[in-house]
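Trainee: let's see this in three dimensions:
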Amino acid sequence: MRRCTEVVLPLTTDELEQAITRPAAAVGVTLEPELIVALIADVGAQPGVLPLLQYALTELFDRQQDRVLSLTAYRTSGGVLGTLASRADELYAGLDGQGQAAARQLFLRLVTLGEGVEDTRRRVRRAELAGDEQVMDRVIDTCGRYRLLTFDRDPVTREPTVEVAHEALIRTWGRLRSWLEASRDDLRVHRRLLAVTTAWTNGAREASFLGTGAQLAQFVALARAGKLTLSPDERAYLEASLAEQDRQAEAKREGEARDLALAQEVATAQRRAASRLRILVGVLAVSLLIAASLSLFAFDKQTQAVRNAATATVAQGQALNSAATSAANLTRSEAQRLAAEANTLYQARGNAEVIALLSIRSLRNLYSPQGDAALEAAATLDYPRQQFIGHTEYLWGVAYAPDGRTVITGGGDKTARLWDVQTGQELRRFTGHTAELWRVAFSPDGTTVLTGGGDKTARLWDVRTGQQLRVFAGHTDAVDTVTYSPDGKYVLTGSLDKTARLWDAQTGQQIRVFAGHTGGVLGVACSPDGRYVLTGSADKTARLWDAQTGQQLRIFAGHAGEVQSVAYSPDSKYVLTGSYDKTARLWDARTATELRQFTGHQEYIKAVAFSPNGGYVLTGSDDKTARLWDTRTGTELRRYIGHASFVFGVAFSPDGKHVLTGSADKTARLWNVPTSSDQHLPTFTAQASGVTQVVFSPDGKYVLTGSLDKTAGLWDIRTGQQVRVFAGHEDAVQSVAYSPDGRFVLTGSIDKTARLWDAQSGQQLRIFAGRNYLNAVAYAPDGRSVLTGGGDNTAQLWDVQTGQQLRVFAGHTTQVFSVAYSPDSKFVVTGSFDKTARLWDAQTGQQLRVFTLPDGAASIAFAPDGRSILTGSWDGMMRLWDVETGEEVRHFTGHTDVVWAVAFSPDGKYVLTGSQDWTARLWSTETGVELRRFTGHNGTLNGVAFSPDSHVVLTGSSDGTARLWDADYHATIQYLCGRLLRDFSDDERAQYGITDRQPTCMNPNHP
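Mentor: Numbering: from 1, shown residues only. Below is the predicted model of the structure:
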């Protein structure tokens, strides 16, 4: 049960259609086909699709006529997104002045600001919503009745929470948008206030977490402005910070006064002593007794002055210690704040570069699990491998040279530019257009470039010289799209004049006009065999034409918005279209049948492309992202986030390994198509069910996993691919092990058997039949025997060569959960739910020692030197035991649930643990201090292991994955710094409160 999990996948387009039509049919209501298409287009790409769909259909049901739901009624109402905004305005208008003010405060709290991406909803604790409680309750209840908010409880604290029901509301409700734009700077300051307040409350309200300096002044200014109402905790934080500031100022004044008084006292004492000494010199004739007495008096006063000075020095030292403590806590608070910013941005699918920079900054300040989690999240994201900066206006078109060494871009600054892929340097500029330049294309041989622009012309250029060779004039409106025929003899253009035209590339003569669209032609493509022309139009259709005759052959109809871009698959079998309805669609080129929709973009799709092998589809959108999709399944594989504005152009490299994007942010960026070699460290996904155990091969090249699906899997670390499956068990595989020489694999199962396999061929070699289900297996370091433990309360030793049972270790009173060999194979250790671990002589089976725990021993491991063992327990504790004495040497505390897996590093200096609290943790064996926390799995950690060189750790989870991690997070920082092409911008430094100008990466990979 601890290893089971269920994964709920998003609905497909077909499933969405069933969700729309089946409930309607059940009550005798029908929907127009066009309405179904429009609903899926509007709702299917939105987060929280089902609640939004329910909302749309409920609103539409009220507008039915003759039990028919029509597209006209839907459009009249403004569609679901328009209706959402209207309902919100209706609610707001019905509130009194206090209610409207409370509504503004409420919705501003419920939004996470997106930097470079869309703003997103934010779940907040009810206690965080400040203001008049009765008024706020009334507003929240009203919003709930209007189905604009949803309510839940925090899974940990069980506190009530509030959240915007439909993320689309944030984008479509004009009033909320205006609130956000007007308050964006204040909201950024407030989010920092919220982060430090949370750190303060989580830190038992320690004074060292309180605000100081410029940051506190920002918070005070925010509070005094009164535009955002602060929560009780935030007000308490500010009051405590100001009180502490006053206290420190008063203490400083008092200290200065004491120092001044002390200095004056010392000076006075010294003057008096000097005066008395002069008198003593003048009256040497006075008796020796009197002189001696006076000398002693002077010496006593001088000693007192020295003593007072020492007291002042001690006080100064104490003040310095206090200041150092405050500085350390301020550093901790700052590290946690930056980590919170990074994690929030990651959850909002924000800019990958900023997420990485924030997480690195956080960990540079101070290590924290939150910063570590943000760093690991950043390591899974995509980063541009090159960027091309130089255009002074929107960048509209991009294309890759056939040799893959250069790219061409075209922009609103009326220029096309040639760039070196390796260096990012501009090589050549093509000037001559008299209006915006919209699209660009390379000739098949790479010697010429074609451009089209708002000046109603297309132009041909020599790539080598930059010289304009030809002008194709004849369109009566802007040329929006251009391409070459596959043989390079012709060029094809599409224009807002509603025509596409074919031209002779050598002479510039117009050969043919393709007329028939009722809107501007926005996209053109030639079939790979050159026989057909494909066009996409503002009339919401794509059309197929005979290239020789100009005859229209086929119409691809179904989009609910302008068709902005079109592409042909490399094998000519399929057509791809991208539209203002936020979908891209795959069609059968021969029948014009729609085969698949690619849904997920939140705004218009402006560009589409096929990969050279046809296996991938690439789209670019006004939502500032480009997305990579699996052509066959329609699954989104990658989201390229980083552009600060609309993505207008996309292209694949000729080898299909890279993608090129062009944006209204005036830049083009080059990205990797995801491959295992592109990953920092791969994740291995067991398709069927949870991972029960993990281990490295002795040479460190492979990972072995056990799974609930009755198999064990072997994975290549270099490629991330599964290379072998060991199938034959009749129930879940609970445990796995490698032979010391790497030639054999051992598995143990609930089916009461352990099995030996050939690691190379996957062939089953031997079965060790037990008496009950098996929880654990181990391979002897000398390779001669294997050990099993399970439900019959015993461990059993088996001969590898014969499969014969050699020995039974009996003594536990409940099932054995874990087993291990000593490094010299002379001893075995077992752990049981009976709250004991036991040491046995492997040769005689004699019990040598019992280690008594407060709770069951769920996991166990022998130290590499054989002198100690480590146990993980049901109480969440790990304990280190001395093998000779049986005494507990050390315990490791931090996990909050059962510890199912423990392992020593090969040198014994570190301990790795995995728990039901969904985390793995790295510890110092010598001190018991937690060094690193690995978060990211969505289920119990059942297995952990170190690589043979200790540089990498492996975890396996009931979430169905095994993951590799850097043992040292500095290696992850180094990896990310090698991928980043920039540091924080000035605006980002201001936004995230980064006041210093120090580089985030010590050895940056950027200027």
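Trainee: all strands of the stretch 101-250 of the chain, in order?
Mentor: For the stretch 101-250 of the chain, applying DSSP state E, counting those that start in this stretch gives strands covering 111-112, 120-121, 124-125, 149-153, 160-164.
Trainee: strands along the stretch 451-600 of the chain, start to end?
Mentor: According to DSSP E, counting those that start in this stretch, the stretch 451-600 of the chain carries its strands in the segments 457-462, 468-473, 479-484, 490-495, 499-504, 510-515, 521-526, 532-537, 541-546, 552-557, 563-568, 574-579, 583-588, 594-599.
Trainee: and for residue 710, the neighbour number?
Mentor: Using other C-beta atoms under 10 Å, the number of residues around residue 710 comes to 20. Placement of C-beta: from N, CA and C, glycine included.
Trainee: wait, what's in contact with residue 378?
Mentor: By C-beta atoms under 8 Å, 6 or more residues apart in numbering, the contact list for residue 378 reads 342, 346, 352, 355-356, 359, 976.
Trainee: CA atoms only for the helix or strand harbouring it - export them in CSV, please.
Mentor: Taking DSSP states H and E as the definition, residue 378 sits inside helix 369-379. Extracted in CSV, the C-alpha atoms of helix 369-379 (Å, rounded to 0.1, in the frame of the first residue of the first chain):
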residue,chain,number,x,y,z
PRO,A,369,15.9,22.8,1.5
GLN,A,370,13.6,25.3,-0.1
GLY,A,371,16.5,26.7,-2.2
ASP,A,372,17.7,23.2,-3.0
ALA,A,373,14.2,22.3,-4.2
ALA,A,374,14.1,25.4,-6.4
LEU,A,375,17.6,24.5,-7.8
GLU,A,376,16.5,21.0,-8.7
ALA,A,377,13.4,22.3,-10.3
ALA,A,378,15.5,24.7,-12.3
ALA,A,379,17.8,21.9,-13.5
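Trainee: which SSE is immediately downstream of it?
Mentor: strand 386-389.
Trainee: quick one: contacts of that next one?
Mentor: Here strand 386-389 makes contact (C-beta under 8 Å, 6+ apart) with 407, 409, 417, 419, 421-422, 424, 426, 666-670, 981.
Trainee: mind checking which of those are in strands?
Mentor: 407, 409, 417, 419, 426, 667-670 (DSSP state E).
Trainee: make a ChimeraX selection of the buried ones in the residues you listed.
Mentor: Only the buried entries of those go into this ChimeraX selection, using 16 or more other C-beta atoms under 10 Å:
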select :407,409,417,419,667,668,669,670
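Trainee: which of the ones in strands among the contacts of strand 386-389 lies closest to residue 797?
Mentor: residue 670 (58.1 Å; C-beta to C-beta).
Trainee: look up the closest residue to that closest one, ignoring the ones flanking it.
Mentor: For residue 670, ignoring the flanking residues on the chain, the nearest one in space by C-beta to C-beta, 6 or more residues apart in numbering is residue 386 at 4.1 Å.
Trainee: returning to that earlier point: residues of the helix holding residue 378 that come out buried?
Mentor: Under 16+ other C-beta under 10 Å, the buried positions of helix 369-379 are 369-379.
Trainee: of all the strands of the stretch 101-250 of the chain, which lies closest to residue 805?
Mentor: Nearest to residue 805 among the strands of the stretch 101-250 of the chain is strand 149-153 (52.7 Å), distances taken as C-beta to C-beta.
Trainee: any idea of the pLDDT on residue 3?
Mentor: pLDDT, residue 3: 43.
Trainee: tell me the bridge partners for residue 419.
Mentor: residue 407, residue 426 (DSSP bridges).
Trainee: would you agree it is in contact with residue 410?
Mentor: No. With contact defined as C-beta atoms under 8 Å, residue 419 and residue 410 do not form a contacting pair (11.9 Å).
Trainee: neighbours of residue 603, how many?
Mentor: Neighbours around residue 603, by other C-beta under 10 Å: 17.
Trainee: got the phi/psi numbers for the nearest residue to it once chain neighbours are set aside?
Mentor: Take residue 603 and drop its neighbours on the chain: the residue closest to it by C-beta to C-beta, 6+ apart is residue 622, 3.6 Å away. Note on residue 622: backbone dihedrals following degrees, to the nearest 10 are phi -70, psi -10.
Trainee: before we move on, the earlier item: can you redo the ones in strands among the contacts of strand 386-389 as a markdown table with distance to residue 731 and pLDDT?
Mentor: As requested, the ones in strands among the contacts of strand 386-389 are exported to a markdown table (distance: C-beta to C-beta, whole Å; pLDDT from 0 to 100):
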| residue | distance to residue 731 | pLDDT |
| --- | --- | --- |
| 407 | 55 | 98 |
| 409 | 58 | 98 |
| 417 | 63 | 98 |
| 419 | 58 | 98 |
| 426 | 63 | 97 |
| 667 | 55 | 95 |
| 668 | 54 | 97 |
| 669 | 50 | 96 |
| 670 | 49 | 96 |
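Trainee: would CSV of the ones in strands among the contacts of strand 386-389 with distance to residue 987 be doable?
Mentor: Compiled in CSV, these are given as follows (distance: C-beta to C-beta, whole Å):
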residue, distance to residue 987
407, 28
409, 24
417, 26
419, 26
426, 25
667, 16
668, 21
669, 19
670, 24
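Trainee: picking that back up, next one: the residue nearest to residue 670 from residue 982, what distance?
Mentor: For residue 386, the distance to residue 982 (C-beta to C-beta, to the nearest Å) stands at 12 Å.
Trainee: for residue 846, list the residues it contacts.
Mentor: Applying C-beta under 8 Å, 6+ apart, we find residue 846 in contact with residue 840.
Trainee: check residue 129 too.
Mentor: Contacts for residue 129 were tallied using C-beta under 8 Å, 6+ apart; they are 105-106, 109, 136, 140, 162, 231.
Trainee: if we go to 7 Å?
Mentor: Residue 129 makes contact with 106, 109, 136, 162, according to C-beta atoms under 7 Å, 6 or more residues apart in numbering.
Trainee: separation between the second one and residue 393?
Mentor: Note on residue 109: its distance to residue 393, by C-beta to C-beta, is 38 Å.
Trainee: which one's more surrounded, these two?
Mentor: Using other C-beta under 10 Å as the criterion, residue 109 and residue 393 rank with residue 109 on top: 19 against 14.
Trainee: the more buried one is in contact with residue 124, isn't it?
Mentor: Yes. In this structure, residue 109 is within contact of residue 124 by C-beta atoms under 7 Å, at 5.5 Å.
Trainee: show me where the stretch 651-800 of the chain dips below the pLDDT cut-off.
Mentor: Low-confidence segments of the stretch 651-800 of the chain (pLDDT under 70): 675-679, 687-688.
Trainee: swap the cut-off to 80 and go again
Mentor: Segments of the stretch 651-800 of the chain classed as low confidence (criterion: pLDDT under 80) are 674-679, 686-689.
Trainee: for it, just list every one of the helices.
Mentor: For the stretch 651-800 of the chain, helices defined by DSSP state H, counting those that start in this stretch do not occur.
Trainee: tell me where it has strands.
Mentor: Along the stretch 651-800 of the chain, counting by DSSP E, counting those that start in this stretch, strands occupy 658-663, 667-672, 683-685, 691-696, 702-707, 711-716, 722-727, 733-738, 744-749, 753-758, 764-769, 774-779, 785-790, 794-799.
Trainee: now those strands in a markdown table, please, with extra columns for distance to residue 460.
Mentor: Shown next, in a markdown table, are the strands of the stretch 651-800 of the chain (distance: least, C-beta to C-beta, whole Å):
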| stretch | distance to residue 460 |
| --- | --- |
| strand 658-663 | 20 |
| strand 667-672 | 21 |
| strand 683-685 | 48 |
| strand 691-696 | 57 |
| strand 702-707 | 54 |
| strand 711-716 | 48 |
| strand 722-727 | 50 |
| strand 733-738 | 63 |
| strand 744-749 | 62 |
| strand 753-758 | 63 |
| strand 764-769 | 66 |
| strand 774-779 | 69 |
| strand 785-790 | 73 |
| strand 794-799 | 77 |
